[in-house]
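Engineer: Here is my input; please provide its structure:
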Amino acid sequence: MDTLGKDVETTSSFTPTRRRLLVGMLSAYTASLIPWALAQPVADDKQGAFVAVSAILVGRTTLDAIQATRLYDALTANDADFPKKAQALLALIEQRKIDPLQLQQTLDTENSDLADTPRKIASAWLLGIVGSGEKARVYAYETALNAEIVSDILKPPTYCYGTYGSWTKKPT
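Structural biologist: A predicted model of the protein is given here:
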């Protein structure tokens, strides 16, 4: 009975269809929150760890597979231990459920051996640059994420005389 003395019909009966729908919607929503939920082609589990950590760090659900391979190969060429570090970083993130926004601060505070790994990955994806100083190499320019983020309004600057993108053509 409710407060007015009327009988209230309860609707606590189990509805399997409704339950499946709710579970499905909740599962889909949860999967959308995990950046590495979408499958992407990778050569092995080491490159898979790199792509997963990359997705977490740059906040993308998908990343260009060709660019991922180029960046992974370049980072590995610069540091032979990079694949192990990427796997260890992914394991750390998953184990401790570290918020990506707090990851770098956490690693720096703990003086972790992995502290430079997120910086290297972010620099590779966001700037298209792998390495530093004389070892710095550009692997992406107009496809680097810093250019893609603003590509609806801005185009990457060039230092040549001519129209946008004319620097990409081989000289005659």
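
Engineer: Would you quantify the distance from Asp45 to Thr106?
Structural biologist: In this structure, Asp45 lies at 24 Å from Thr106, with C-beta to C-beta, to the nearest Å as the measure. To be clear about C-beta, it is placed using only N, CA and C from the backbone, and glycine gets the same treatment.

Engineer: Which one's more surrounded, these two?
Structural biologist: In this comparison of Asp45 against Thr106, neighbours counted by other C-beta atoms under 10 Å, the higher total goes to Thr106 at 15 against 11.

Engineer: The more buried one touches Pro100, doesn't it?
Structural biologist: No - Thr106 sits out of contact with Pro100 when judged by C-beta atoms under 8 Å, with a separation of 10.4 Å.

Engineer: What ranges does this structure have for its strands?
Structural biologist: In the chain, the segments counted as strands under DSSP state E are 129-130, 137-138.

Engineer: Worst mean pLDDT among these?
Structural biologist: Averaging pLDDT over each of these singles out strand 137-138 as the lowest, with a mean of 90.

Engineer: Which strands and helices lie in contact with it?
Structural biologist: Contact analysis of strand 137-138 by 3 or more C-beta pairs under 8 Å, 6 or more residues apart in numbering; DSSP states H and E lists strand 129-130 as its packing neighbours.
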